[in-house]
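J.: predicted model follows, preceded by the sequence.
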Amino acid sequence: MSKEDRSGGPTAGWWTEAVIYQIYPRSFADSNGDGIGDLPGITARLDHLVELGVDAVWLSPFYPSPQADAGYDVADYRDVDPLFGRLPDADRLIAEAHSRGLRVIVDLVPNHTSSAHPWFTAALATTPGSPERNRYVFRDGRGPDGEQPPNDWQSVFGGPAWTRVVEPDGRPGQWYLHLFDTGQPDLNWDNPEVRAEFLDVLRFWLDRGVDGFRVDVAHGLIKQADLADWQEPQEILSGNEANRPRPPMWDQDGVHEIYRDWRRVLDGYPGERILVAEAWVEPAERLVRYVRPDEMHQAFNFEYLVAAWTAPAQYAVITRSLEATDSVGAPTTWVLSNHDVVRHASRLGLPIGTPRPNGIGAGDPQP
């Protein structure tokens, strides 16, 4: 239900003013003494979050996973990893959160699966051109014997974004794309089967009562059709300055069709379920395309997260952000920190001009 303002009329959805708190299940609370946080541990401490004034919790991935990338390599999108509990534990967490007025947002990882996912196992067991391989981005290599990667793309984690497979007959074969870890093969979102699968995954968790999805690497699902080489430095941040083309692996216009389909699914459920884009996209005018009225509800404002802690810098990014989101009638999502960056209490204490840190070691500048 929408809140009402003092005049009795409806106001914008709950997400426009909500405080959303990220929970990393592995480290938040351990209920059984095995040294690993779990879903029952979260459930037991929901009252602490209510006392903090939190409106919703965002759960980082708790799905079955080899944990090559802290759970962002998903082997099964419809279950809970035994590290964190069982599916009934997720149901109880959702129910207990709702009983306290807390909403629950779960992480969804659609750009890639784990290499342990049954789809990828099946792809490796088949030959080039098979329907199983068409769920992912497989290509022949370059060079006389295909010994070179299909293009020059680099993984965000370092090194080539392609790994060569051994074919079922034992010969070196095709290459598969992984914009992140080698254990995270990119899905082929031009394949209708992939799109249908994730619509079903959305419904699975919506039917269990979740209030929304934080969408990992939301700007990465569609790749430029020709997989063209990209000579410039490649980072997860997609800079789209007017004098520079968009990288062929980030922020392609085709992603928006996917999210319009997802939005129609969520709008078919009661209770204002939401989509939140993790989209490392600049400038703000490109980012707000993700939160047009028929797409997502929120998009992480990373420009604000990385802005210097000075009044001029804060004023500039806040003004620019509000102007951009106002142009599409959406709220601005002020992101202070997440699992990819140092928490803001530490980050904002670093000297002005310090590059955005992913961690702070003993030899680094100390907040």
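T.: Yes, it's here.
J.: next structured bit after the lowest-mean-pLDDT helix or strand in the chain?
T.: Every helix and strand of the chain was ranked by mean pLDDT, DSSP states H and E. The lowest is strand 238-239, at a mean of 54. As assigned by DSSP states H and E, the chain's next helix or strand after strand 238-239 is helix 255-267.
J.: give me the contact list for that following helix.
T.: With Cβ atoms under 8 Å, 6 or more residues apart in numbering as the test, helix 255-267 has contacts from 189, 195, 198-199, 202-203, 206, 212, 215, 218-219, 221-222, 273-275, 277, 289-290, 292, 294-296. Backbone N, C-alpha and C define where each C-beta goes, glycine included.
J.: run the last query once more with 7 Å
T.: 189, 195, 199, 202-203, 219, 221-222, 273, 275, 289-290, 294-296 (Cβ atoms under 7 Å, 6 or more residues apart in numbering).
J.: pull the most distant pair out of these.
T.: Across the contacts of helix 255-267, no pair lies farther apart than 203 and 289, at 25.3 Å, counting by Cβ to Cβ.
J.: higher neighbour count, the two?
T.: Neighbours per residue (other Cβ atoms under 10 Å) separate residue 203 from residue 289, with residue 289 holding more: 21 against 14.
J.: mind checking pLDDT for the more buried one?
T.: pLDDT for residue 289: 96.
J.: with residue 243 instead?
T.: So residue 243 comes in at 57 (pLDDT).
J.: and what of the one 5 residues further on?
T.: Residue 248 is assigned a pLDDT of 93 by the prediction.
J.: same check on residue 353?
T.: Residue 353 carries a pLDDT value of 80.
J.: look up the closest residue to it, ignoring the ones flanking it.
T.: residue 308 (7.1 Å; Cβ to Cβ, 6 or more residues apart in numbering).
J.: now do the one you found against residue 279, distance only.
T.: 22 Å (Cβ to Cβ, to the nearest Å).
J.: so these two - more neighbours on which side?
T.: residue 279 (27 against 14).
J.: tell me the contacts of that one?
T.: 218, 219, 287, 290, 299, 300.
J.: just to check, the second one is in contact with residue 281?
T.: Yes: Residue 219 is in contact with residue 281 according to Cβ atoms under 7 Å; the separation is 5.2 Å.
J.: ok so residue 319 is a helix residue?
T.: Yes: Residue 319 forms part of a helix when assessed by DSSP: H, G, I helix; E, B strand; the rest coil.
J.: return the distance of the residue nearest the centre of the chain relative to residue 33.
T.: Compute the mean C-alpha point of the chain, and by Cα atoms, centre = their mean the closest residue is residue 216, 0.9 Å away. In this structure, residue 216 and residue 33 are 30 Å apart, going by Cβ to Cβ.
J.: same check on residue 272?
T.: 38 Å.
J.: narrow the contacts of residue 279 to those in helices?
T.: residue 287 (DSSP state H).
J.: make TSV from the contacts of residue 279 and add distance to residue 263 and neighbour count to it.
T.: Formatted as TSV, those follow (distance: Cβ to Cβ, whole Å; neighbours: other Cβ atoms under 10 Å):
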residue	distance to residue 263	neighbour count
218	13	26
219	16	27
287	17	26
290	11	27
299	13	28
300	17	22
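J.: quick one, phi/psi of residue 114?
T.: Per-residue torsions, residue 114: phi -80, psi 150 (degrees, to the nearest 10).
J.: list the contacts for the nearest residue to it once chain neighbours are set aside?
T.: Among residues not flanking residue 114 along the chain, residue 73 sits closest, at 3.9 Å (Cβ to Cβ, 6+ apart). Residues in contact with residue 73 (Cβ under 7 Å, 6+ apart) are 65, 66, 114, 181, 183, 184.
J.: narrow those residues to just the buried residues.
T.: Among those, the ones that count as buried by 16 or more other Cβ atoms under 10 Å are 65, 114, 181, 183, 184.
J.: how about these, which pair is most distant?
T.: Using Cβ to Cβ, the pair of the buried ones among the contacts of residue 73 lying farthest apart is 65 and 181, separated by 11.5 Å.
J.: still on that earlier bit, and which of the contacts of residue 73 is nearest to residue 20?
T.: residue 65 (23.0 Å).
J.: helix, strand or coil for the closest residue to residue 77 other than its chain neighbours?
T.: Closest residue in space to residue 77, ignoring its immediate chain neighbours: residue 201 at 4.6 Å, by Cβ to Cβ, 6+ apart. Look at residue 201: counting by three-state DSSP, its state is helix.
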